[in-house]
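>>> Sharing a sequence plus its predicted fold:
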Amino acid sequence: MQSAFRYWWIHGDPKHRVLCGGPVLLFLAFPAADLAGGGISGVSEIVAAAALAAFAVLWLRLFWILPEVAGERRIEGSIVLGAIAAIAVALAIALGDEWLGLLVYLSVAAALVLPMRLATTGVVAVAAGSLVIAGGFDSGAGLALQALMLGLLVALVRRLVALVGELETARGQVAELAVSEERLRLSRDMHDLLGHNLSLIALKSELARKLIGRDPEAAANEVRDVESVARESLQEARAAVRGLRSASLGAELDRAREALEAAGIEVMVRTAGPLPAGIEAVLGFAVREATTNVIRHSRARRCELEVRRAGDVAELEVRDDGVGPPGAAGEGSGLRGLGERLTEAGGALDVGPAPAGGFKLVARVPISGQARAGAEREAEDVVPTR
């Protein structure tokens, strides 16, 4: 639940965040009623109305650019917070009473925009300022308490979202370490297995060569032993590889990048963070198939691979500027097999010409419920081919 909320808050449509913060503006009805009631007149009324409208626009803009205010939109976020603070303080001091509630909005804005280590300090400062502007403890205690409690609540929620993100990152790192450990185990097993059996095959082959002229029957027995050991080695190697199940999606994307660059194709890869293991396995198969088609058939000079999440669906999009594989509608056996695999996992495959030219492949796999279980089962059948 927390992870879903964090994903929606960070990667969701900004319009949804605005819809989340917009209803709070209903409390601006109090200063709006003060304007409508004739408590303010003349030029002061026009200025106050314009300032209140600007305050509402700035508030909605703040929710639109969240959570980028901590990164690429830090300057814009600081400007918006400063403007909100200036309007709220000015109107609260000049008009008092019904306008003091703007300071509560300022407390929440400070909790959202200020760096995490300063958010609590900012909220406390706003609450203390509310006491001063309201005229002392007796008249401003309620306002200061509201500003303090709501600001701290928003700061705590923000901190919780950040902690969930750190936890997901740590979990992804643990998963990568587990995969690395499993690969090391496989490499050790393969070394011990093939090293012994290949040595045995070499010895028996040498013995058979020496016996061919002197004892054909003994040489034939040695050759049969070589065949038996080779078949046994093949079975044991397959069993060891199945123990690895499948490579991570990140590893498949790295291999795809290396293969495309080796083919002289410019590559751009974008990812959306870790996905469930079964989903990564299915999309990893799609990466291999799509990359193979680009290299063999597209005659492309540029290729883009993007993994993204759209709600409860994981998507892989591979787009190039080439001509696409033979039968661009997806009739090739490789694409047909990929489509069947995605269907079994509850997903879908879309292939065809890209709107801007070139060829596009989009593989979609649901991340929740029964489809996720199907993807996990599908992952058991995926064996690395490299």
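Great, that's in hand.

>>> Identify each buried residue in stretch 71-85, please.
Of all the residues in stretch 71-85, those buried under the rule 16 or more other C-beta atoms under 10 Å are 73, 77, 80, 81, 83, 84, 85. Just so you know, the C-beta spots here come from the backbone N, C-alpha and C atoms, and that holds for glycine as well.

>>> And for stretch 336-345?
338, 339, 341, 342, 345.

>>> tell me the mean pLDDT over it?
Averaging pLDDT along stretch 336-345 gives 83.

>>> Please apply the same query to stretch 61-80.
83.

>>> Straight-line length of it, end to end?
8 Å (C-alpha to C-alpha, to the nearest Å).

>>> what about it, distance to the chain center?
20 Å (C-alpha atoms, centre = their mean, to the nearest Å).

>>> what's next to that stretch, contact-wise?
With contact meaning C-beta atoms under 8 Å, 6 or more residues apart in numbering, stretch 61-80 is reached by 9-10, 14, 17-18, 20-22, 58, 81, 84, 109, 112-113, 115.

>>> run the last query once more with 10 Å
Contacts with stretch 61-80, where a contact means C-beta atoms under 10 Å, 6 or more residues apart in numbering, come from 6, 9-11, 14-22, 24, 57-59, 81, 83-84, 105, 108-109, 112-116, 158, 161-162.

>>> residue furthest from the geometric center of this protein?
The outermost residue of the chain, judged against the average C-alpha position, is residue 214 (68.5 Å), by C-alpha atoms, centre = their mean.

>>> Three-state assignment for that one, please.
coil (DSSP: H, G, I helix; E, B strand; the rest coil).

>>> Likewise for residue 314?
Residue 314 - assigned by three-state DSSP - is strand.

>>> before we move on, what about residue 308?
strand.

>>> Not counting sequence-adjacent ones, nearest residue to it?
residue 272 (4.7 Å; C-beta to C-beta, 6 or more residues apart in numbering).

>>> Report the separation between the one you found and residue 313.
Using C-beta to C-beta, to the nearest Å, we find residue 272 at a distance of 11 Å from residue 313.

>>> that older thread, from the buried residues of stretch 336-345, pick the one nearest residue 125.
residue 345 (52.5 Å; C-beta to C-beta).

>>> distance of the closest one from residue 132?
Counting by C-beta to C-beta - residue 345 and residue 132 are separated by 61 Å.

>>> what comes up buried for the helix or strand in which residue 124 is found?
Using DSSP states H and E, residue 124 falls within helix 116-134. Using 16+ other C-beta under 10 Å as the test for burial, helix 116-134 gives 119-120, 122-127, 129-131, 133-134.

>>> Just name whatever secondary elements it is in contact with.
With contacts defined as 3 or more C-beta pairs under 10 Å, 6 or more residues apart in numbering; DSSP states H and E, helix 116-134 has these neighbours: helix 74-95, helix 102-113, helix 137-211.

>>> average model confidence for it?
90.

>>> Let's see it as PDB, backbone CA atoms only.
Coordinates of each C-alpha in helix 116-134 appear next as PDB, following Å, rounded to 0.1, in the frame of the first residue of the first chain:
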ATOM      1  CA  MET A 116      13.800  17.100   4.900                       C
ATOM      2  CA  ARG A 117      16.200  18.200   7.500                       C
ATOM      3  CA  LEU A 118      14.700  21.800   7.500                       C
ATOM      4  CA  ALA A 119      11.000  20.900   7.100                       C
ATOM      5  CA  THR A 120      10.300  20.500  10.800                       C
ATOM      6  CA  THR A 121      12.200  23.700  11.600                       C
ATOM      7  CA  GLY A 122      10.200  25.600   9.000                       C
ATOM      8  CA  VAL A 123       6.800  24.300  10.300                       C
ATOM      9  CA  VAL A 124       7.800  25.300  13.900                       C
ATOM     10  CA  ALA A 125       8.800  28.700  12.600                       C
ATOM     11  CA  VAL A 126       5.500  29.200  10.800                       C
ATOM     12  CA  ALA A 127       3.600  28.200  14.000                       C
ATOM     13  CA  ALA A 128       5.600  30.600  16.100                       C
ATOM     14  CA  GLY A 129       5.000  33.400  13.500                       C
ATOM     15  CA  SER A 130       1.300  32.600  13.700                       C
ATOM     16  CA  LEU A 131       1.300  33.400  17.400                       C
ATOM     17  CA  VAL A 132       2.900  36.800  16.700                       C
ATOM     18  CA  ILE A 133       0.700  37.700  13.800                       C
ATOM     19  CA  ALA A 134      -2.500  36.700  15.600                       C
END
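
>>> distance between it and the chain's centre?
Distance, centroid of helix 116-134 to centroid of chain: 35 Å (C-alpha atoms, centre = their mean).

>>> and the angle for that helix with helix 137-211?
When axes from the mean of the first three to the mean of the last three C-alpha atoms, to 10 degrees is applied, the directions of helix 116-134 and helix 137-211 differ by 170 degrees.

>>> re earlier: just curious, which of the buried residues of helix 116-134 is nearest to residue 41?
So of those, ranked by how close each gets to residue 41 (C-beta to C-beta), first place is residue 133, at 22.8 Å.

>>> so how far is residue 357 from the closest one?
From residue 133 to residue 357 the distance is 60 Å (C-beta to C-beta).

>>> Show me the shaky parts of this structure.
Along the chain, segments meeting pLDDT under 70 span 1-14, 39, 182, 185-186, 188-189, 191-193, 195-196, 239-248, 324-333, 369-386.

>>> How about the secondary structure of the spatially most central residue of it?
Centroid check for the chain by C-alpha atoms, centre = their mean gives residue 272 as the closest residue, at 2.9 Å. Secondary structure for residue 272, judged by three-state DSSP, is coil.
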